[in-house]
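# Compute the structure for the input listed below.
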Amino acid sequence: MIIGGGATGCGLAWDLALRGISVALVEKGDLASGTTGRFHGLLHSGARYAVSDPDTAGHCATESAILRRTAARAVDNTGGLFAFGNEDDPIYLERWIDGCRRAGIPAIETTMEEARLREPGLDPGITRAFLVPDAVCNSMALCAALGRAAESLGAKVLTYHRCEEITTRDRRVTGVRITDLRTGVSGELESGIVVIAAGPWSGRIAQGVGVDLSLDLVRGAMVAFRGNVVKIPVSRLQPPGDGDIILPRGRVSIAGTTSVVTTDPDDRRVDPWEMERVRAEIQSLLPGLADAEMAHAWAGVRPLYDAREKTNGKGRDTHSWSRDFAVLDHAVRDGVPGLVSIIGGKLTSFRLMAEKTADVVCRMLANAEPCRTATTEL
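Numbering: from 1, shown residues only. Prediction:
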């Protein structure tokens, strides 16, 4: 039983179904209606994290290449551009080039003439540009494809079903109690193993069985500008910060993100200062945005795992906090057999997160089937 229908939960359902395991997924909304459906759309090459979070950079480099191949209909393989300007830090630039090399990210410097052909709106102060294999991902199409693929192998995908509690007997997991939000009917589903893959809501669900998850919740706001302001994702070549990415998605161009600590997984505020900050920062990269109309803004909550400890992040910019993930077997950690959590990470690394979680589940079920999601096309 999987709780959560974001990219990781859907990816896990697909992975387990491919290994021949009987699996059901419950999601309180539609697939991708949580954090997965509220991100900007960038499928990371890993370049953004080459200095601040090398492990995540390496994961993204590997996983984005896999997803461009296995989930091609949900990915627009645009490529991306990192722009370095007169006011940016040359020491950071050298560290970034070295970090990309170490993580296996092909960051290729191009001429400014070529860069301006690709993005004519670049600020005149941009002096160096690097091409990276960033892409744009439609997360809702991705989760829909994952859900259908899992169902085609016998999985049950129950949307608009809220998990009320994880049921136990003598501390051992026995299943979940759920409510169909369309009919109001409640019932219990039996399962020997329950995986919490509910993103920022995972902590609340785990508390119901006396398990504490060390989550750091960070809200990020994005702003959509009308029109195709850019042709490919463009990022400022500097330490990750507010409003330093913009990418094309359909009829809009999306810029983001902010990074604000919160305690509420349902915190979807976008404060006025966030919209102003994103516009100001991205405008320093693309001055033409001064005349662009903002279409809308929204926010999502990132579920970071023990991020402050991993990056010694107390008091530091939350953009620098680790995006690494963890699979927790709560039989070992908390004395609750049959309960597993997958927390942290990024959408780009969802397939790897699902694989590592499925490996834990398969060991518990004595299932020796290997993971096939890296080679099976959706």
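# Please make it C-alpha for all contacts and neighbour counts, starting now.
OK.
# what's the neighbour count on the closest residue in space to residue 86 that isn't next to it in sequence?
Nearest-residue entry for residue 86: residue 125, 5.7 Å, with adjacent residues in sequence omitted and distances by Cα to Cα, 6 or more residues apart in numbering. The tally of other residues near residue 125 (other Cα atoms under 10 Å) stands at 14.
# Quick one: distance of stretch 285-301 to the chain centre.
Per Cα atoms, centre = their mean, to the nearest Å, the displacement of stretch 285-301 from the mean C-alpha position of its chain is 21 Å.
# Report the separation between the two terminal residues of it.
End-to-end span of stretch 285-301 (Cα to Cα, to the nearest Å): 26 Å.
# Now tell me what touches that stretch from outside.
34-35, 38-39, 121-123, 126, 200, 217-226, 229, 236, 252, 265-270, 275, 279, 282-283 (Cα atoms under 8 Å, 6 or more residues apart in numbering).
# which of the residues you listed count as buried?
Those of the contacts of stretch 285-301 that meet the buried threshold are 34-35, 38-39, 121-123, 126, 200, 217-226, 229, 236, 252, 265, 270, 275, 279, 282-283, by 16 or more other Cα atoms under 10 Å.
# which residue lies farthest from the center of this protein?
In the chain, residue 170 marks the outermost C-alpha relative to the chain mean, sitting 35.2 Å out by Cα atoms, centre = their mean.
# Provide a list of residues in contact with that residue.
Applying Cα under 8 Å, 6+ apart to residue 170 gives no contacts.
# what are the phi and psi angles of it?
When read as degrees, to the nearest 10, the backbone of residue 170 gives phi 60, psi 40.
# in the stretch 51-200 of the chain, which spans are strands?
Remark: strands assigned in the stretch 51-200 of the chain by DSSP state E, counting those that start in this stretch are 75-76, 80-85, 108-110, 126-132, 135-137, 156-159, 161-169, 172-180, 186-190, 194-196.
# hey, C-alpha coordinates of the second one in PDB?
What it means is strand 80-85. Extracted in PDB, the C-alpha atoms of strand 80-85 (Å, rounded to 0.1, in the frame of the first residue of the first chain):
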ATOM      1  CA  GLY A  80      19.400  24.700 -20.800                       C
ATOM      2  CA  LEU A  81      21.700  27.700 -20.500                       C
ATOM      3  CA  PHE A  82      23.700  29.000 -17.400                       C
ATOM      4  CA  ALA A  83      24.600  32.700 -17.700                       C
ATOM      5  CA  PHE A  84      27.500  34.300 -15.900                       C
ATOM      6  CA  GLY A  85      27.700  38.100 -15.600                       C
END
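# what about the residue nearest to residue 283 when sequence neighbours are not counted, how many residues close to it?
Distances taken as Cα to Cα, 6+ apart put residue 289 closest to residue 283, at 5.5 Å, once the chain neighbours are dropped. By other Cα under 10 Å, 17 other residues sit near residue 289.
# mind starting the numbering at 354 from now?
New numbering, starting at 354: the last item is residue 642.
# my guess is residue 642 is in a helix, correct?
Yes: Residue 642 sits within a helix when classified using DSSP: H, G, I helix; E, B strand; the rest coil.
# Quick check, pLDDT for it.
Note on residue 642: pLDDT of 89.
# related to what we said a few turns ago, just the ones in strands from the contacts of stretch 638-654, please.
479, 570-579, 589, 605 (DSSP state E).
# Name the nearest residue to residue 546, ignoring sequence neighbours.
Distance criterion Cα to Cα, 6+ apart; nearest residue to residue 546, sequence neighbours excluded, is residue 691 at 4.4 Å.
# how far away is that neighbour from residue 598?
Residue 691 is 41 Å from residue 598, where distance means Cα to Cα.
# Give me the distance from the top helix by length along the chain to the chain's centre.
What stands out as the longest helix in the chain, according to DSSP state H, is helix 407-423. Mean-position distance between helix 407-423 and its chain equals 12 Å (Cα atoms, centre = their mean).
# tell me the mean pLDDT for it?
The average pLDDT within helix 407-423 is 97.
# what's the answer for stretch 573-591, then?
The average of the pLDDT scores along stretch 573-591 is 95.
# quick one: terminal-to-terminal distance for it?
End-to-end distance (Cα to Cα), stretch 573-591: 18 Å.
# Pull the distance from it to the chain's centre.
Remark: stretch 573-591 is offset 17 Å from the chain centroid, using Cα atoms, centre = their mean.
# Could you do stretch 704-712 as well?
Distance of stretch 704-712 from the chain centroid (Cα atoms, centre = their mean) equals 14 Å.
# So what touches it?
Stretch 704-712 is contacted by residues 361-362, 364-365, 368-369, 412, 416, 678, 680, 693, 695, 698, 724, 726-727 when judged by Cα under 8 Å, 6+ apart.
# ok, back up a step: which one of residue 691 and residue 598 is surrounded by more residues?
Relative neighbour count places residue 598 above the other of residue 691 and residue 598, with 26 against 21, counting by other Cα under 10 Å.
# For the residue nearest to that one when sequence neighbours are not counted, the count of nearby residues, please.
Counting by Cα to Cα, 6+ apart, residue 588 is the residue found nearest to residue 598 once chain neighbours are left out, at 4.5 Å. Residue 588 has 24 neighbours, counted by other Cα under 10 Å.
# next one: residue 364
By other Cα under 10 Å, the residues close to residue 364 number 27.
# helices or strands up against the helix or strand it falls within?
Element membership for residue 364 (DSSP states H and E) is helix 360-371. Applying 3 or more Cα pairs under 8 Å, 6 or more residues apart in numbering; DSSP states H and E, one finds that helix 360-371 contacts strand 355-356, strand 377-380, helix 492-505, helix 703-717.
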